[in-house]
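Chemist: model this:
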Amino acid sequence: MNYEALFTKIRELVLCHSPSGLEAEIDRFLLQEFADLGVKAWQDEAGNIIAKIPGRNSSKNQGSIAITAHKDEIGAMVKSLGESGRVEVRKLGGSFPWIYGEGVVDLLGDHATIQGILSFGSRHISHASPQKAQQEKTPVSWETAWIETKCTPTQLAAAGIRPGTPMVVGKHRKEPIRLHNYIGSYTLDNKASLAILLGLAAGVKEAAVDTYLVASAKEEVGALGALYFTQNQKLKALIALEICPLAPEYQIADGPAPVILVQDGYGIYDRGLNAELRQAASLHNLPYQLAMITGFGSDASIAMKFGHVARAACLAFPTQNTHGYEIAHLGAIDNCLKILTAYCQIDFP
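Modeler: Below you'll find the model as predicted:
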């Protein structure tokens, strides 16, 4: 199949920086995309971008559903600034410095973006240097890494670089690549899911019930946007779009078949809602697989654990190198879109 349009849309989303809590660049992009599709969208007080697909059964008061895809990404935050332009950072979300490797990062200052080099120290050293341990047995940590900017304190201050300034991998390093029917990129978690949301907005003009498409804020730091939305909007069901980690411990096949999660680190997903997703897939002969995973949570499972929704599900695409330079089959992303397109138009009891 030709996945060029899907690849292009994911690329546009990936190249929008959106560290948790500083998501304005992706916000502008999404609001413009929804406007171009003729779909009304707005931003709530928590930073979520929300679009609504009207339901043909709205007058029957059958309740509404939401489909979420978080728009924030992991990275780091400035902890302290040194006199020589050396900046110390600590993790933002589930990031590790060895994932990015030494290379260009962007510090998103209040007034300007400053590029720096994520650095781990020289290799030609003895045990007299603390970095020697990283060559033998100790992994690189944020505490032992730093960013070289070669800026003066005055230059950093002028750019608005301060404690709390987000750091993300340099934009030019984010450029995705095609590996046949696969896409390789940073931040497929969860920019590829945003592409699915936009696909739903383009393809589903009327759903069975009122359906909210939610590009949720600050998911990587506790699903804060989804919790706010679900606290204020009564829903009969919530479906999260996500990546699904590929690892030997999980019986998940790499390829075009999406994953319907049965359980994750926050609890058990709703059996009835999962059955509806499976029915939607089967009606159109779309592949899917089931999995239980750990060390993972979604907007849906977190909202259900806190009692904000009674029924929750998570539809995901298998992904290698999660929270790193991720690789996913474009067909799995496309099939998530097809399953949800079918689901949104079925009159379930």
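Chemist: so the protein: which segments form each domain?
Modeler: Domain assignment for the chain by automatic domain parsing gives 4-73+187-344, 76-171.
Chemist: what about the shortest one, average pLDDT?
Modeler: Computed over domain 76-171, the mean pLDDT rounds to 92.
Chemist: can you pull the phi/psi pair for residue 310?
Modeler: Main-chain dihedrals, residue 310, degrees, to the nearest 10: phi -90, psi -30.
Chemist: now do the contacts for it.
Modeler: By C-beta atoms under 8 Å, 6 or more residues apart in numbering, the contact list for residue 310 reads 236, 270, 304. (Glycine included, C-beta is placed from N, CA and C.)
Chemist: which of the residues you listed fall in strands?
Modeler: Judged by DSSP state E, the contacts of residue 310 include no members of strands.
Chemist: can you flag which of the residues you listed belong to helices?
Modeler: residue 304 (DSSP state H).
Chemist: can you tell me which of the contacts of residue 310 are buried?
Modeler: Among those, those buried by neighbour count (16 or more other C-beta atoms under 10 Å) are 236, 270, 304.
Chemist: coming back round to it: and the contacts of residue 310, which is closest to residue 146?
Modeler: The shortest gap between residue 146 and any of the contacts of residue 310 belongs to residue 304, at 40.1 Å (C-beta to C-beta).
Chemist: per-residue pLDDT, the closest residue to that closest one other than its chain neighbours?
Modeler: Distances taken as C-beta to C-beta, 6 or more residues apart in numbering place residue 312 nearest to residue 304, at 3.9 Å, with adjacent residues excluded. We have a pLDDT of 98 for residue 312.
Chemist: what of residue 201?
Modeler: Looking at residue 201, its pLDDT stands at 98.
Chemist: same deal with the one 4 residues further on?
Modeler: For residue 205, the pLDDT comes out at 95.
Chemist: wait, residue 113 touches residue 106, no?
Modeler: Yes. Contact criterion C-beta atoms under 8 Å: residue 113 and residue 106 qualify, at 5.2 Å.
Chemist: show me which of these two is the more surrounded one.
Modeler: Between residue 113 and residue 106, counted using other C-beta atoms under 10 Å, the more crowded position is residue 106 (21 against 16).
Chemist: what helix or strand is the residue nearest the centre of the chain located in?
Modeler: Geometric centre of the chain, nearest residue: residue 190, 2.2 Å, by C-alpha atoms, centre = their mean. Using DSSP states H and E, residue 190 falls within helix 188-203.
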